[in-house]
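Participant: sharing a sequence plus its predicted fold:
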Amino acid sequence: MKQIVRLFASVIIAAFALMYLTSYLNSEQGYTGGNTLTIYNWGDYIDEELIAKFEEETGVKVIYQTFDSNEAMLTKIAQGGTTYDIAVPSDYAISKMREEDLLLPIDKSKIPNLQYIDPKFMNLSFDPDNEYSVPYFWGTVGIVFNPELVDGKTFESWEDLWSPDLRNDILLVDSAREVIGMGLNSLGYSLNDTNEDHLQEALKKLNQLTPNVKALVGDEIKMLLANEEAAVGLVWSGDAAEILDENDKLDFVVPKEGSNVWFDNMVIPKTANNLEAAHQFINFMLDPENAAQNAEYVGYATPNSEALKLLPEDISGDERFYPPSEVTDKLEVYDNLGKKMLAHYNELFLEFKMHSK
Ligand code: SPD
């Protein structure tokens, strides 16, 4: 009898362990069930208090996962096996996801707060009519520098990064389009250039930068620059805003040859499970108070004109992070260069990374 009880107990324990393991693996892979919402966003890109507020207001449980590049996000969603309800790709990645039929159309009747988005962020070329995406944050790419560590040097031009005085003193954001784009821009080429000679010239130019490159890093770039572990960084504008908030000795510029202006939008992947909650979440993030809280927390520029009015003037009036249209009109948006060319950009980036090791 004792043996039967022991066997029964072991079966029960094994069943509970299996249930726990399955639910853990499911949440790790973005599988959802019940009233849950699985979000796939960039790291450090939301005020987590807003997730708690959304859960409280709606009763929906959020499973939150992060990525560190459009390329990583695209690969994961394209390979299938995940059921993300929301993802936050950038411009060219949205165009690619539309092309590969990875997105569901947005039901705008469920997003009344769309009225607060400044029209200049709507109907952009990567998603005309915003059929598949809703603006989240936008920004530029530029140089953060610490005037005290660079002997008063200025960074008006990308070329300034190649100065021999900056040996082992530059951190680069670990992202293919940004780094290859910088190489192309430094030579006066478009950051969407597909001419093989120009791309090879850009790679050669970038390889010459390697003595100055201390490391290619992800979100840690903010902490490293704020803590003065390096004098200079190639960063996204919102990260720069956060760095300067931590250490006001530093400054941020967009070099004169030009740079990238980018847009990160919320989308609903085709494999989503909870469309109702996905629309609820998008609408929630567009509520002006929530959008302002989020923008103040993460440091990135909000496309929400009502939220902008709620931000302190020292944030909304800072043209380094909210550049006017006269400035952004001269910058380029990344094009969707097509599968083959995007893969080629990634290969060139890997070659550069191998060279800088
Ligand atoms: N830590 C959040 C970073 C988000 C940056 N998105 C910019 C994408 C530019 N293509």
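Facilitator: Now that the structure is in, tell me what you want to look at. Numbering: from 1, shown residues only.
Participant: all helices for the protein, in order.
Facilitator: Counting by DSSP state H, the chain forms helices over residues 2-29, 48-58, 70-78, 91-99, 176-186, 196-209, 220-226, 237-246, 275-286, 288-298, 305-310, 313-316, 325-328, 339-355, given from the N-terminal end onward.
Participant: can you tell me what sits against the second one?
Facilitator: Right, helix 48-58. Counting by CB atoms under 8 Å, 6 or more residues apart in numbering, the neighbours of helix 48-58 from elsewhere in the structure are 60-62, 64, 277, 280-281, 284-285, 290, 293-294, 297. Backbone N, C-alpha and C define where each C-beta goes, glycine included.
Participant: swap the cut-off to 10 Å and go again
Facilitator: For helix 48-58, the surrounding residues in contact (CB atoms under 10 Å, 6 or more residues apart in numbering) are 35-37, 39, 47, 60-62, 64, 276-277, 280-281, 284-285, 287, 289-291, 293-294, 297.
Participant: buried subset of the residues you listed as a ChimeraX selection?
Facilitator: Here is the ChimeraX command that selects only those of the contacts of helix 48-58 that count as buried (16 or more other CB atoms under 10 Å):
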select :36,37,39,60,62,277,280,281,284,285,287,290,291,293,294,297
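Participant: could you check how far Asn41 is from the ligand?
Facilitator: Distance, Asn41 to the ligand, by CB to the nearest ligand atom, to the nearest Å: 8 Å.
Participant: per-residue confidence at the residue of the stretch 251-357 of the chain found nearest the ligand?
Facilitator: Taking CB to the nearest ligand atom as the measure, the stretch 251-357 of the chain has Trp262 as its residue closest to the ligand, at 3.8 Å. At Trp262, the model reports a pLDDT of 98.
Participant: now render the helices of the chain as CSV, adding mean pLDDT.
Facilitator: Converted to CSV, the helices of the chain look like this (pLDDT from 0 to 100):
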stretch, mean pLDDT
helix 2-29, 46
helix 48-58, 98
helix 70-78, 96
helix 91-99, 98
helix 176-186, 97
helix 196-209, 98
helix 220-226, 98
helix 237-246, 98
helix 275-286, 98
helix 288-298, 98
helix 305-310, 98
helix 313-316, 97
helix 325-328, 93
helix 339-355, 96
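Participant: how about those helices in TSV, adding distance to the ligand?
Facilitator: Shown next, in TSV, are these (distance: least, CB to the nearest ligand atom, whole Å):
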stretch	distance to the ligand
helix 2-29	21
helix 48-58	14
helix 70-78	6
helix 91-99	7
helix 176-186	6
helix 196-209	18
helix 220-226	8
helix 237-246	6
helix 275-286	15
helix 288-298	7
helix 305-310	18
helix 313-316	17
helix 325-328	14
helix 339-355	12
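Participant: quick one: closest of these to Pro147.
Facilitator: Ranking the helices of the chain by distance to Pro147, with CB to CB as the measure, places helix 237-246 first at 12.0 Å.
Participant: using CSV, write out every CA atom in the closest one.
Facilitator: As requested, the backbone C-alpha atoms of helix 237-246 are provided in CSV (Å, rounded to 0.1, in the frame of the first residue of the first chain):
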residue,chain,number,x,y,z
SER,A,237,19.8,60.2,-29.5
GLY,A,238,17.6,58.9,-26.7
ASP,A,239,20.5,57.0,-25.2
ALA,A,240,22.5,60.2,-25.5
ALA,A,241,19.7,62.1,-23.6
GLU,A,242,19.9,59.5,-20.8
ILE,A,243,23.7,59.7,-20.7
LEU,A,244,23.6,63.5,-20.5
ASP,A,245,21.0,63.3,-17.8
GLU,A,246,23.4,61.1,-15.7
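Participant: pull out the buried positions in it.
Facilitator: Ser237, Gly238, Asp239, Ala240, Ala241, Glu242, Ile243, Leu244.
Participant: quick check, nearest of those to Val217?
Facilitator: The shortest distance between Val217 and any of the buried residues of helix 237-246, using CB to CB, involves Asp239 and amounts to 10.7 Å.
Participant: OK, contacts around the residue positioned nearest the centre of the chain?
Facilitator: The structure's the chain has its C-alpha centroid closest to Trp42; by CA atoms, centre = their mean the separation is 4.7 Å. If you count contacts by CB under 10 Å, 6+ apart, Trp42 has them with 66-70, 73, 87-90, 136-137, 218-219, 236, 238, 264, 298, 300.
Participant: just the buried members of these?
Facilitator: Neighbour counting by 16+ other CB under 10 Å classes 66-70, 73, 87-90, 136-137, 219, 236, 238, 264, 298, 300 among those as buried.
Participant: can you tell me which of these are in strands?
Facilitator: Assignment to strands by DSSP state E places the following of those there: Thr66, Phe67, Ala87, Tyr136, Phe137, Trp236, Asp264.
Participant: now those residues in a markdown table, with distance to Leu203?
Facilitator: Shown next, in a markdown table, are these (distance: CB to CB, whole Å):
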| residue | distance to Leu203 |
| --- | --- |
| Thr66 | 29 |
| Phe67 | 25 |
| Ala87 | 30 |
| Tyr136 | 32 |
| Phe137 | 30 |
| Trp236 | 22 |
| Asp264 | 27 |
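Participant: quick check: the farthest pair among those residues?
Facilitator: For those, and using CB to CB, no pair is farther apart than Ala87 and Trp236, which are 17.9 Å apart.
Participant: residues from the stretch 101-250 of the chain in reach of the ligand?
Facilitator: For the stretch 101-250 of the chain, the residues in contact with the ligand under the definition CB under 6 Å from any ligand atom are Asp219, Trp236.
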